[in-house]
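> With the sequence up front, the predicted model follows.
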Amino acid sequence: MLMREDLERIQSYLEGYDSARERLLECSRRAVRLASWAMLQVHRMELEKAGETLKGVEDALREMEEAVKGYPELSSHSNALAAYQEYVEAKSLYLLAREDRLCRLDEVAAPSAQYLLGLLDMVGELRRSALECLKRGDPGSAEAKLNVMERIYEDLLSLDHTAVIPNFRHKMDAARRIIEATRGDVVTELRRRSLEDAIRDLNRSIDGLGVKGGDDGRGSQPLRLGKPSR
């Protein structure tokens, strides 16, 4: 027979564990939701609002950490890790837009694995930013986003023993594909722009030379080269 005292201690622990788990789920979901919202605000260049939203994420994470004190096994709960990862992604995107830098590990106080995974997730957000730059006719800024994506990938590629991080290899492969697709989009746009500039310059030169269109009696007409279809 079990001792009644032991049963009461175990029951008390289980009740506390369940309460902490419920609190963790609530706080982590709030952190993920707010981090996603902060990234949307960064894409809209609503940086002041994004900064305020990120403070909400940090408050949710601190509440979560407080809730699981005394239950260390909950620190590695999948929801908690996902919340840290989303936070790193959102914070880095925000700092890149505001201060042209990524967040440091100590700055986000996240586990190392979630820091790396969050940076890899950010590569996808940077592609979105690059495409927005191309859409508004700013290939130079798109190229700058691509450079950041490539530097993140190259830095993480230099790490050894990353096999111990679940999902790291999968995210690295996904990041490489995203970077290659973005590079193709940026290079295509830069070449198109270069070709348009060359045609424009050629037309100006032809205008300056006054090239005649022939002697069919219709007078001289400068030759025109149309823009290539996109």
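Cool, the structure landed. All values derive from a computational prediction rather than experimental measurement. Numbers count the residues shown, from 1 in each chain.
> what are the phi and psi values for Gly70?
The phi and psi torsions at Gly70 (degrees, to the nearest 10) take the values phi 90, psi -10.
> What distance do you get for it to Pro139?
Distance, Gly70 to Pro139, using Cβ to Cβ, to the nearest Å: 54 Å. All C-beta atoms are positioned from the backbone trio N, CA, C, and that covers glycine.
> what's the answer for Val164, then?
Computed as Cβ to Cβ, the Val164 to Pro139 distance reads 39 Å.
> got it, and Arg200?
The value you get for Arg200 to Pro139, if Cβ to Cβ is used, is 16 Å.
> Neighbour count: the two, which is higher?
More crowded of Arg200 and Pro139, by other Cβ atoms under 10 Å: Pro139, with 21 against 12.
> Of all the residues in stretch 76-95, which ones are buried?
Applying a neighbour-count criterion of 16 or more other Cβ atoms under 10 Å, the buried positions in stretch 76-95 are 77, 79-95.
> helices or strands up against the least confident helix or strand in the chain by mean pLDDT?
Ranked by mean pLDDT, DSSP states H and E, the helix or strand of the chain with the weakest confidence is helix 168-209, at a mean of 91. Judged by 3 or more Cβ pairs under 8 Å, 6 or more residues apart in numbering; DSSP states H and E, helix 168-209 is in contact with helix 112-135, helix 139-157.
> Now do the shortest one and helix 168-209, the angle between them.
Meaning helix 139-157. On the basis of axes from the mean of the first three to the mean of the last three Cα atoms, to 10 degrees, helix 139-157 is oriented at 150 degrees to helix 168-209.
> The longest one now?
Interaxial angle, helix 112-135 versus helix 168-209 (the same axes, to 10 degrees): 20 degrees.
> Now Asp100. Its backbone dihedrals?
Dihedral angles (degrees, to the nearest 10) for Asp100: phi 60, psi 40.
> how many other residues sit next to it?
Around Asp100 sit 9 other residues, with neighbours defined as other Cβ under 10 Å.
> Residue ranges in the chain under the pLDDT threshold?
Scanning the chain with the threshold set as pLDDT under 70 gives 210-230.
> Tell me the spacing between Ile179 and Arg9.
Applying Cβ to Cβ to Ile179 and Arg9 gives a distance of 54 Å.
> again with Leu157
Counting by Cβ to Cβ, the gap from Leu157 to Arg9 is 50 Å.
> Ok, Glu125 next?
47 Å.
> higher neighbour count, the two?
Glu125 (21 against 11).
> quick one: contacts for that one?
Glu125 is in contact with 39, 43, 89, 93, counting by Cβ atoms under 8 Å, 6 or more residues apart in numbering.
> and with 6 Å instead?
The contact partners of Glu125, taken as Cβ atoms under 6 Å, 6 or more residues apart in numbering, are 39, 93.
> With the one 5 residues further on instead?
Residues touching Ala130, when contacts are defined by Cβ under 6 Å, 6+ apart, comprise 142, 145-146, 182.
> Which of these sits closest to Leu119?
Proximity of those to Leu119 (Cβ to Cβ) peaks at Lys145, which lies at 14.3 Å.
> wait, doesn't Gly56 sit right on Leu34?
Yes: with contact defined as Cβ atoms under 6 Å, Gly56 counts as touching Leu34 (4.7 Å).
> if I look at Leu105, how far off is Pro111?
9 Å.
> who's more crowded, the two?
Pro111 (18 against 12).
> Please report how far the closest residue to the more buried one other than its chain neighbours lies from Ala20.
Closest residue in space to Pro111, ignoring its immediate chain neighbours: Tyr84 at 6.1 Å, by Cβ to Cβ, 6 or more residues apart in numbering. Applying Cβ to Cβ, the value for Tyr84 to Ala20 is 17 Å.
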